[in-house]
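**Q** need coordinates for the following:
(one chain, ligands or ions: 2)
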Amino acid sequence: MTEHDDSSPSHHPVIGIDLGTTTCTMSVWDGHQPVVLPGPLPSVVTQNPAGQIVVGRPPDDDSQPVIAGIKRDLGSEERLRLRGRQYRPPEICAFLLIELKRRAEAYVGGPVHDAVITVSGSAGEPQRRAIREAAGLAQLNLRRLLDDPVAAAVALGEDDRERIYAIYDLGGGTFDTAIVRIGPDGVAVLGAAGDPQLGGDDFDEHIVGYALRQIRERHHVDLSRDEHVRARIRREAERRKRELSTAETTVLELPLLTATVSATVPLSRRAFEAMIEPDVTTSLGLLTAALAAARAEHGIGRRGVDQVVLAGVATRIPAVRARLAGYFGLGPGDIRADLDPGELNARGAGLIAREFEPAMTFEGARPGLLGANLRLRAEMADPSPAPPAVDGGPPDLLPGVPAETPADFRAVADAAHRVLGAAMDGARPGLRAAYLSFVAAIQAAAPDPRLAELGEALRAEYGHLDGLV
Ligand SMILES: Nc1ncnc2c1ncn2[C@@H]1O[C@H](COP(=O)(O)OP(=O)(O)OP(=O)(O)O)[C@@H](O)[C@H]1O
Ligand SMILES: [Mg+2]
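**A** Ligands and ions are numbered 1, 2, ... in the order given. Predicted coordinates:
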């Protein structure tokens, strides 16, 4: 046992976030290695019956409104609706990041102000800008936006000898591939390609179309325009798709789709593979494009690839692995399988995050950002208690840390808005004084560093007003 093993881990409070279409996964450096935080966060935002925002918990029943797969909408001007409200994509993304920040703070036992966040390699500037905005709304200093396949490559670790890897990252919503060289000098991308609209979600959609056709033939009813029905079939399709990675056949159970229609739709692995065949072919075409770039610029062709690395959980589909192995003329066993494809990118982000010094506070002083953050936090439901650890290890969120709850912030936000609104109305010296004492109270409330942080942020944002602070 080394000296290090005796000491309790000291987590580096700059976090690595793999912001996925389906799932968000985080990792932090514990002094020895990047540790993936337990309990990945499903990338879903819903609303409870009280109208509060619930993050990361798929809806209990079909009547609950849900926004999933926000990563694919980033950079668009779309408006996303929940009951009675609409949001821009960066705001929905911010809900996820606020929850991730909260969990990370509970895990490391102190404030977290900084993050490295992954982005699809093929994302354009609008998407990247949207993530920057979302990070600001979550009061996170975005230290680096890391392309997905680079994150996966970084996670493989440096090597004494140079090796060429083909990274194939097929997630829920985006596909990324890159040819990378890893050696003593770090990671170099030799060629990359991707499709920001290709992933497991599309496979689910193929199954939905198939099921709807089966239902039309058997029940003589076209349910394809019923969004509610589609959502139900999609959920079942996703579940059965996962089953088909280990089973040869499955059945979609769809009781009471409408008052008169219940359906069971058998689905074989073969039929599913046929449905996704064009998508897999598209992904291999992109891999060819990445290889062509690597060849043109670095003279590295298909035979120069030492190892194929799978990232993204949709690579669990046996047909995907088989096609990829066939493409490189390898056996399926030759593809690197010792790494969890669901954790690779988060590990890479955590490794890069380690390179940054933690900041004392959130540094984005754009006026209005703090107010926007408080508004979003005030809309969120209190988090449910952390689930107990599965393997008897430490609980998901360490006890003893006063995990900030949105309820705390609702009170603070109400007070802040009341007092700030009045303080900025120049004719109210009494209220300005109230504002001053409000900020002082917040700052005095340290040792909870989050309150001091809020005070600092208020000072940064509103301190210029008549030299109030
Ligand atoms: N055992 C399985 N077999 C097949 N597909 C699976 C399996 N488990 C999960 N999936 C699919 O993998 C996808 C999620 O993969 P992952 O978590 O890597 O995506 P993500 O990182 O959230 O998204 P992205 O990187 O595309 O933005 C989903 O479509 C899910 O249905
Ligand atoms: Mg991913």
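
**Q** going forward, measure contacts between C-alpha atoms and count neighbours the same way
**A** OK.

**Q** list the buried residues of the longest helix along the chain.
**A** Longest helix of the chain, by residue count under DSSP state H: helix 269-298. Counting neighbours by 16 or more other C-alpha atoms under 10 Å, one finds that the buried residues in helix 269-298 are 269, 272-273, 275-277, 279-280, 282-284, 286-295.

**Q** and it, average pLDDT?
**A** Helix 269-298 carries an average pLDDT of 98.

**Q** what about the next helix or strand after that helix, near ligand 1?
**A** Moving toward the C-terminus from helix 269-298, the next helix or strand (DSSP states H and E) is strand 307-311. No - using C-alpha under 6 Å from any ligand atom, strand 307-311 stays clear of ligand 1, coming no nearer than 6.7 Å.

**Q** against which helices or strands is strand 307-311 packed?
**A** Applying 3 or more C-alpha pairs under 8 Å, 6 or more residues apart in numbering; DSSP states H and E, we find strand 307-311 packed against strand 163-170.

**Q** please see if stretch 245-257 touches ligand 1.
**A** Yes - legend: contact between stretch 245-257 and ligand 1 by C-alpha under 6 Å from any ligand atom is shown at Ser245.

**Q** which residues are in contact with that stretch?
**A** Outside of stretch 245-257, the residues within contact range by C-alpha atoms under 8 Å, 6 or more residues apart in numbering are 229, 232-233, 236-237, 240, 243-244, 261-270, 316-318.

**Q** PyMOL command for the buried members of those residues?
**A** Buried residues among the contacts of stretch 245-257 (16+ other C-alpha under 10 Å), as a PyMOL selection:
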select buried, resi 229+233+236+237+240+243+244+263+267+269+316+317+318
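
**Q** return the subset of the contacts of stretch 245-257 lying in helices.
**A** Among these, the members falling in helices (DSSP H) are 229, 232-233, 236-237, 240, 243, 269-270, 318.

**Q** reformat those as CSV; add distance to ligand 1.
**A** Converted to CSV, the ones in helices among the contacts of stretch 245-257 look like this (distance: C-alpha to the nearest ligand atom, whole Å):
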residue, distance to ligand 1
Val229, 19
Arg232, 15
Ile233, 13
Glu236, 11
Ala237, 9
Arg240, 9
Glu243, 7
Arg269, 11
Arg270, 14
Pro318, 8
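
**Q** which of those residues sits closest to Arg181?
**A** The closest of the ones in helices among the contacts of stretch 245-257 to Arg181 turns out to be Pro318 (C-alpha to C-alpha; 26.5 Å).

**Q** now that closest one, nearest residue through space, not along the chain?
**A** In space, and not counting its chain neighbours, Pro318 is closest to Ser245: 6.1 Å by C-alpha to C-alpha, 6 or more residues apart in numbering.

**Q** how close does the one you found sit to Asp279?
**A** In this view, Ser245 and Asp279 are 17 Å apart by C-alpha to C-alpha, to the nearest Å.

**Q** may I have the phi/psi pair for the residue in the stretch 51-200 of the chain that ligand 2 sits nearest to?
**A** For the stretch 51-200 of the chain and ligand 2, the shortest gap (C-alpha to the ion) falls at Gly171, measuring 4.7 Å. The phi/psi pair for Gly171 (degrees, to the nearest 10) reads phi -110, psi -150.

**Q** that one: neighbour count?
**A** Neighbourhood size, Gly171 [other C-alpha atoms under 10 Å]: 23.

**Q** my guess is it contacts Gly200, does it?
**A** Yes - judged on C-alpha atoms under 8 Å, Gly171 makes contact with Gly200 at a distance of 6.1 Å.

**Q** report the contact partners of the residue nearest to Pro341 when sequence neighbours are not counted.
**A** Once flanking residues are discounted, Pro341 sits nearest to Ala311: 4.1 Å by C-alpha to C-alpha, 6+ apart. The contact partners of Ala311, by C-alpha under 8 Å, 6+ apart, come to 152, 167-171, 340-342, 344-345.

**Q** ends of stretch 152-163, how far apart?
**A** 15 Å.

**Q** how far does it sit from the chain's center?
**A** In terms of C-alpha atoms, centre = their mean, to the nearest Å, the centre of stretch 152-163 is found 24 Å from the chain centre.

**Q** can that stretch be found next to ligand 2?
**A** No - Stretch 152-163 does not reach ligand 2 (C-alpha under 5 Å from the ion); its nearest approach is 9.5 Å.

**Q** what comes up buried for that stretch?
**A** Buried, per 16+ other C-alpha under 10 Å, within stretch 152-163: 152-156, 158, 163.

**Q** and which of the ones in helices among the contacts of stretch 245-257 is nearest to His32?
**A** Of all those, Pro318 has the smallest distance to His32: 34.0 Å, by C-alpha to C-alpha.

**Q** per-residue pLDDT, that closest one?
**A** The model reports Pro318 with a pLDDT of 95.

**Q** repeat for Phe175
**A** In this prediction, Phe175 carries a pLDDT score of 97.

**Q** and the helices in the stretch 51-200 of the chain?
**A** Counting by DSSP state H, counting those that start in this stretch, the stretch 51-200 of the chain has helices at residues 89-108, 125-137, 148-156, 200-219.

**Q** any chance of the ones you listed in a markdown table, plus mean pLDDT?
**A** Formatted as a markdown table, the helices of the stretch 51-200 of the chain follow (pLDDT from 0 to 100):
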| stretch | mean pLDDT |
| --- | --- |
| helix 89-108 | 96 |
| helix 125-137 | 97 |
| helix 148-156 | 95 |
| helix 200-219 | 97 |
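
**Q** now, of the ones you listed, which is deepest in the fold?
**A** Comparing the helices of the stretch 51-200 of the chain by mean neighbour count (mean count of other C-alpha atoms under 10 Å), helix 148-156 ranks first with a mean of 26.

**Q** name the helices or strands packed onto that helix?
**A** strand 114-119, strand 163-170, strand 175-183, strand 186-195, helix 344-353.

**Q** now render those as TSV, adding distance to Pro58.
**A** Formatted as TSV, the helices and strands packed on helix 148-156 follow (distance: least, C-alpha to C-alpha, whole Å):
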stretch	distance to Pro58
strand 114-119	23
strand 163-170	22
strand 175-183	23
strand 186-195	26
helix 344-353	22
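
**Q** right, and these - which one's nearest Lys101?
**A** strand 114-119 (8.9 Å).

**Q** next, the angle from that closest one to helix 125-137.
**A** Following axes from the mean of the first three to the mean of the last three C-alpha atoms, to 10 degrees, one obtains 150 degrees for the angle between strand 114-119 and helix 125-137.

**Q** rewinding a little: so the residue nearest to Pro341 versus Ile98, what's the distance?
**A** Distance of Ala311 to Ile98, computed by C-alpha to C-alpha: 25 Å.

**Q** cool, and Ala337?
**A** For Ala337, the distance to Ile98 (C-alpha to C-alpha) stands at 33 Å.

**Q** and if you look at Ala259?
**A** Ala259 is 40 Å from Ile98, where distance means C-alpha to C-alpha.

**Q** one more: Pro89?
**A** Distance from Pro89 to Ile98, by C-alpha to C-alpha: 14 Å.

**Q** now do Ser76
**A** Using C-alpha to C-alpha, one obtains 21 Å as the distance from Ser76 to Ile98.

**Q** repeat for Gln197
**A** For Gln197, the distance to Ile98 - C-alpha to C-alpha - is 25 Å.
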